[in-house]
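# this one's structure only:
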């Protein structure tokens, strides 16, 4: 999977974290849709965009880590503050349903290391 833009990659990361426990919970979906207003301003069908990304993620889920690593190389020159904002959004997504599964925390930790954000929460 090749991303056309950084915002498309971010949406993939949102779905990756939300799906880390095997499903996208309603509260996670709602939070992602809120964040999409800033990622995709003017998008008239954000639900459809999200559903398409979820389906693409499911189709490629066995290779999600390789996709993320390749995309990270593609977007490695992004400023730290943007990476930090993405990390904060990911943190919020895994907490949206009130339960943080071990698989969600592991996925977040891997992404934190990959994007070079070493903070304690």
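On my side now, so go ahead. In this text, all values refer to a predicted model and were calculated from it rather than measured experimentally.

# can you list the low-confidence ranges for this structure?
Within the chain, the stretches falling below the threshold (pLDDT under 70) are 116-121.

# and the strands in it?
In order along the chain, the chain carries no strands (DSSP state E).

# now do the helices in it.
Counting by DSSP state H, the segments of the chain that form helices are 6-18, 26-39, 46-60, 64-74, 80-95, 102-115.

# just put those helices in CSV and tack on mean neighbour count.
For every residue, glycine as well, the C-beta is placed using N, CA and C. Written out in CSV, the entries for the helices of the chain read as follows (neighbours: other Cβ atoms under 10 Å):
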stretch, mean neighbour count
helix 6-18, 22
helix 26-39, 17
helix 46-60, 15
helix 64-74, 15
helix 80-95, 17
helix 102-115, 16
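
# wait, residue 78 sits on residue 6?
Yes: shown here, residue 78 and residue 6 form a contact pair, counting by Cβ atoms under 8 Å, at 6.3 Å.

# surely residue 72 touches residue 114?
Yes: in terms of Cβ under 8 Å, residue 72 counts as a neighbour of residue 114; the distance is 5.6 Å.
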